[in-house]
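K.L.:
got a structure for you, letters missing:
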């Protein structure tokens, strides 16, 4: 396995770091000191592709924590952030036809607000340019061509280096790319939730990298989630209620035997499997524990034999998760 991969022209580590979990209200309470320590561990272990969003935490909290962690080491990291879900004062919130963990999501990606989103993120992060800037969700009331056109102006002005889109359909990816080159598409993808095969085909055709979010199934694929703390957003997802979690843990226990045979952890198995799906795939697992972060990043060094991949796929073909998925798409 190679230690770096290319996302539409942007070179990044094969495994990045998803910072969403470092804000309160995601996996329960966390203080900023612990969050910065987690980011320090990620950067120190080579997880220098850091993914955040202006919507994670209150008042840009997640971006601010990332900014604190990278202060004085900007040249070591590649920063990706997203916009659209933190609707500014005076803007009309547009309901999405998707729900995350069964909560209604609101977005505004009107072109007139996009420069303001970017400027706020630059301030929160304490940087001069965003390496990879995503539209977090396409706005159902704004043609994606209009949103991406405004994003392209940020590239021309030097505020952004590369553009990405997140949670889009194959058609939306094509339409976005027709306006401006797209480096990466972010989508939910793991052993728990398969990618839309058409989306993967379009990404390959266009040379767009794929960044799976929740590559460990929101922590489930680690095999360590038995009960959730209060304040954990996963409590909103039926897949994580007590009965479903028990059934899913029993079903997915088959993966433990595979991991044990290979001498790796279940997390590493899940991440290495993703990396073997395509050379332009870069998962972004998140964790609050330095040891787990280092463990996750080490999956980039694991090579799975074709016979092993066949065994994994045979096991996955027999599994049927109970309780639905984190992202419910009604489009």
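P.N.:
Looks like it arrived, so ask away. Not measured: the values here are computed from a predicted model.
K.L.:
Which parts of the stretch 51-200 of the chain are strands?
P.N.:
Along the stretch 51-200 of the chain, counting by DSSP state E, counting those that start in this stretch, strands occupy 78-83, 94-100, 103-107, 130-135, 160-166, 184-188.
K.L.:
Of all these, which one comes closest to residue 178?
P.N.:
Across these, residue 178 has its closest neighbour in strand 160-166 (12.1 Å, Cβ to Cβ). (C-beta placed from N, C-alpha, C; glycine too.)
K.L.:
From the chain's centroid, how far away is that closest one?
P.N.:
Centre-to-centre, strand 160-166 and its host chain are 14 Å apart (Cα atoms, centre = their mean, to the nearest Å).
K.L.:
can you check stretch 78-98 too?
P.N.:
Chain-centre distance of stretch 78-98: 16 Å, with Cα atoms, centre = their mean.
K.L.:
hang on, the earlier thing: want to try CSV for the strands of the stretch 51-200 of the chain, with mean neighbour count, distance to residue 35 and mean pLDDT as columns?
P.N.:
Output for the strands of the stretch 51-200 of the chain, formatted as CSV (neighbours: other Cβ atoms under 10 Å; distance: least, Cβ to Cβ, whole Å; pLDDT from 0 to 100):
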stretch, mean neighbour count, distance to residue 35, mean pLDDT
strand 78-83, 26, 15, 98
strand 94-100, 16, 21, 81
strand 103-107, 17, 23, 86
strand 130-135, 25, 20, 98
strand 160-166, 23, 22, 98
strand 184-188, 25, 21, 97
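K.L.:
For those, give me TSV that also has distance to residue 302.
P.N.:
Converted to TSV, the strands of the stretch 51-200 of the chain look like this (distance: least, Cβ to Cβ, whole Å):
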stretch	distance to residue 302
strand 78-83	22
strand 94-100	30
strand 103-107	35
strand 130-135	25
strand 160-166	26
strand 184-188	22
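K.L.:
Among the ones you listed, which comes closest to residue 279?
P.N.:
Here strand 184-188 is closest among those (Cβ to Cβ), at 13.7 Å.
K.L.:
That closest one to strand 160-166, inter-axis angle?
P.N.:
30 degrees (axes from the mean of the first three to the mean of the last three Cα atoms, to 10 degrees).
K.L.:
Listing partners with orientation, what would you give for strand 184-188?
P.N.:
Applying DSSP bridges, strand 184-188 is found paired with strand 160-166 (parallel), strand 209-213 (parallel).
K.L.:
now these in JSON lines, with distance to residue 85?
P.N.:
Compiled in JSON lines, the strands paired with strand 184-188 are given as follows (distance: least, Cβ to Cβ, whole Å):
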{"stretch": "strand 160-166", "distance to residue 85": "10"}
{"stretch": "strand 209-213", "distance to residue 85": "13"}
